[in-house]
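Engineer: Predicted model, plus sequence, below.
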Amino acid sequence: MKFITINLGQQKRLLTVLFCIATICFPLKLVAQNSETLRKTYQQILESYPANLAEARSQGNRTQEAQVLSSAGIAYQYLGEYQKALELYQQALAIASTPA
């Protein structure tokens with residue numbers, strides 16, 4: 001059995017990313033009563049994703065960077081672009097797993 005040890009900074013970052021995912025997914029399911037509204041919402045997330053990612057990186061905010069990547073991953077997953085979603089999730093996880 002292999003155990004993964006992470007420090008407090010890593011725990012905070014991972015929890016922040018997971019919380020971000022939960023706060024994006026749950027409200028969107030409640031708000032979007034039809035799939036067209038939800039699709040448009042995810043399209044908007046993807047349209048703003050490059051600028052939001054650039055801003056997070058320019059500020060050196062790794063937590064925000066992981067959140068942006070996770071949000072875009074969720075959008076790509078919903079739209080059926082699973083490989084792109086997986087790539088973004090892996091990037092977000094790598095960021096969230098690195099020591100602060």
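Structural biologist: On my side now, so go ahead. Numbering: from 1, shown residues only.
Engineer: make it CA atoms for all contacts and neighbour counts henceforth
Structural biologist: Noted.
Engineer: where exactly do the helices run in this protein?
Structural biologist: With helices called from DSSP state H, the chain shows them at 8-31, 35-59, 62-78, 82-97.
Engineer: ok, and the helix or strand in the protein with the lowest average confidence?
Structural biologist: helix 8-31 (a mean of 57; mean pLDDT, DSSP states H and E).
Engineer: circling back: okay if I get the helices of the chain as TSV plus mean neighbour count?
Structural biologist: Shown next, in TSV, are the helices of the chain (neighbours: other C-alpha atoms under 10 Å):
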stretch	mean neighbour count
helix 8-31	15
helix 35-59	15
helix 62-78	24
helix 82-97	18
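Engineer: Mean pLDDT lowest where, among these?
Structural biologist: Lowest mean pLDDT within the helices of the chain: helix 8-31, a mean of 57.
Engineer: My read is that I95 contacts R62, right?
Structural biologist: Yes. I95 is within contact range of R62, at 6.7 Å (criterion: C-alpha atoms under 8 Å).
Engineer: Now do the contacts for I45.
Structural biologist: S71, A72, A75 (C-alpha atoms under 8 Å, 6 or more residues apart in numbering).
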